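1. need a structure here:
(chains A and B)
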Amino acid sequence: MDIVFVILLCVGYFVGNYLEKKHFQNIKKRERQTIHVPVVTFGAKQELPDANEAALFLGSVVVSADYFKMFASSLRNLVGGRVVVYESVLDRGRREAILRMKEQAISWGATQVVNVRLETSTIGNRTSGKGLVAIEVTAYGTGIR
Amino acid sequence: MVYKPKEIPEDINVTSVHPLINFAYLLGTVAVVSTLIYVVLGAIATQLATRISPEMEAKIGQQLVSDLAKKDKKVDAKQQQYLDSLLADLQKSDSSSYTPLTIHIQKSPVSNAAILPGGHILITATLLAEAESENELAFVLAHELGHHVARDHLKGLGRSLVFLTVASMLGIGSGDANVVGMTGSLTNLHYSRQQESAADVYALNAIVRCYGHGNASLDFFNRIQTEQKDPRGKLSSYFSTHPLTQQRINDLHQIASQRGWKMEGDITNLPDKIFDEEPNSKSNQES
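-> Below is the predicted model:
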């Protein structure tokens, strides 16, 4: 029982950490590649910049925490405070979602993406506190060209 | 306005702390706090065990045996009466019991006896059926009485005593709780070696006071020594919660000789067939 728990914790920590590092490297690389196209939040009640065409772009990603993060956060639940281990999960989700939206817009030929919004929702069983702990992050905006 | 692309800064939304360090702090906090609670609860429980008022103890006992009371009705009145009078004899000329005691006969395949808070003595019908003389039955009763007088049953409850006390104070008793399951664990209370031998000495003292001698009172114990390999294996269950070694018998004999207690004398027999295996069957009721 205990040994299984320790194994799960180790797998969660090492594999989770490795995958997270790789993901962040990937995100940084793609962010540098797409940095020439501005992504802005204005456009909802302001006039849009002059453009010939506009289209909706949506990027969405589901990320999950690993066993180590889940355990650490359950400990955090006892005492309260900043859930540091989940911050990176959310950060990955947001940046990945924006990138997916942006990459689509770029391939369509957008010069900028305006009125960008971010939304999150949880996936999985929230009441029992067990099972899948995953969030979906959705980024959407208007691409113009 | 001209758009100037620039690198997205890191560490704005992610706290730059190593997850393991963060985890270690968390684990440390939780461990320290739980240890503190554990220690404090233990200290409170020890204080409670020695200072709890008889009324409060009775309340706790009531919670624990509220279900048992219903079961008692099925039990043979003769047996109950006999045990009550036996207990009364044992308590004679000894005022150290601080609450009135009640005996509950339980139908159970295991042979066991236990004392619960509030002066409730549980004794299983199997143990009664196994008894071969009044003396040895009296010793078992007196042994539990010894635990009661020394408040071992309260000490044995340990930290759960705090919760039981709080629950009974707030009136959120376990009215419908699975008392049978609970008593299962209650009868498995672990007493320390000292507590056991103190209860033994108390028991033998009470026996000697009552019968004038300690003969046959240790028969239960002696039999288990010889019958341990008995395939029935029934007797051994009482002693799984009341560990007994030859050492303990020897100690008792030694104390008896030190204090000048007689270990020889007439054995008092049990009333005829009172504790036969099927106390409710017709033939026994008639006899």
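
2. hang on, isn't B:Leu101 packed against B:Ile121?
-> Yes: with the criterion set as CB atoms under 8 Å, B:Leu101 and B:Ile121 qualify as a contacting pair; they are 6.1 Å apart. To be clear about C-beta, it is placed using only N, CA and C from the backbone, and glycine gets the same treatment.

3. Tell me how many other residues crowd residue 5.
-> Picked chain A for this. Other residues near A:Phe5 come to 11 when the count uses other CB atoms under 10 Å in any protein chain shown.

4. switch to chain B, that's the one I care about
-> Burial of B:Pro5, expressed as a neighbour count using other CB under 10 Å, amounts to 11.

5. Same question for A:Pro49.
-> Residues near A:Pro49, counting by other CB under 10 Å: 15.

6. where does it land on pLDDT?
-> Here, the pLDDT recorded for A:Pro49 equals 78.

7. Compare B:Leu101 and B:Ile121 (neighbour count), which wins?
-> For B:Leu101 versus B:Ile121, the count of surrounding residues by other CB under 10 Å is larger for B:Ile121: 22 against 19.

8. Who are the packing partners of the helix or strand hosting that one?
-> In this structure, B:Ile121 sits in strand B:120-124 according to DSSP states H and E. Under the contact criterion of 3 or more CB pairs under 8 Å, 6 or more residues apart in numbering or on different chains; DSSP states H and E, strand B:120-124 touches helix B:54-72, strand B:102-106, strand B:113-116, helix B:134-149.

9. Specify the stretch among these that is closest to A:Asn17.
-> Of all the helices and strands packed on strand B:120-124, it is helix B:54-72 that lies closest to A:Asn17, at 49.9 Å by CB to CB.

10. tell me which residues in the helix or strand following the closest one are buried?
-> The C-terminal neighbour of helix B:54-72 among helices and strands, as given by DSSP H and E, is helix B:77-91. The neighbour-count criterion (16 or more other CB atoms under 10 Å in any protein chain shown) identifies B:Gln79, B:Tyr82, B:Leu83, B:Leu86, B:Leu87, B:Asp89, B:Leu90, B:Gln91 as the buried residues of helix B:77-91.

11. any chance of those residues in CSV, plus pLDDT?
-> Rendered in CSV, the data for these read as follows (pLDDT from 0 to 100):
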residue, pLDDT
B:Gln79, 76
B:Tyr82, 79
B:Leu83, 79
B:Leu86, 78
B:Leu87, 78
B:Asp89, 76
B:Leu90, 75
B:Gln91, 73
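
12. Closest one of these to chain A?
-> When the buried residues of helix B:77-91 are compared for distance to chain A (CB to the nearest CB), B:Leu83 wins out at 43.6 Å.

13. Give me the contact list for the strand holding B:Ile121.
-> Around strand B:120-124, the neighbours that count as contacts under CB atoms under 8 Å, 6 or more residues apart in numbering or on different chains are B:61, B:64-65, B:68, B:83, B:87, B:101-108, B:110-116, B:140-141, B:144-145, B:148, B:183, B:187.

14. what lines up beside it in the sheet?
-> Sheet partners assigned to strand B:120-124 using DSSP bridges are listed as strand B:102-106 (parallel), strand B:113-116 (antiparallel).

15. what pLDDT, on average, does it get?
-> Averaging pLDDT residue by residue across strand B:120-124 gives 79.

16. And stretch A:86-102, by the same measure?
-> Stretch A:86-102 shows an average pLDDT of 93 in the prediction.

17. what about it and chain B, touching?
-> Yes: using CB under 8 Å from any CB of the partner chain, we find that stretch A:86-102 touches chain B at A:Glu87, A:Ser88, A:Leu90, A:Asp91, A:Arg94.

18. Contacts made by that stretch with the rest, please.
-> Taking CB under 8 Å, 6+ apart as the rule, stretch A:86-102 contacts A:20, A:23-24, A:27, A:30-31, A:34, A:37, A:39, A:57-65, A:69, A:73, A:113, A:116, A:118, A:120, A:135-141, B:13-15.

19. Among those residues, name the buried ones.
-> Of all those considered here, the ones buried according to neighbour count by 16+ other CB under 10 Å are A:20, A:24, A:27, A:30, A:34, A:37, A:39, A:57, A:59-63, A:65, A:69, A:73, A:113, A:116, A:118, A:135, A:137-141, B:14.
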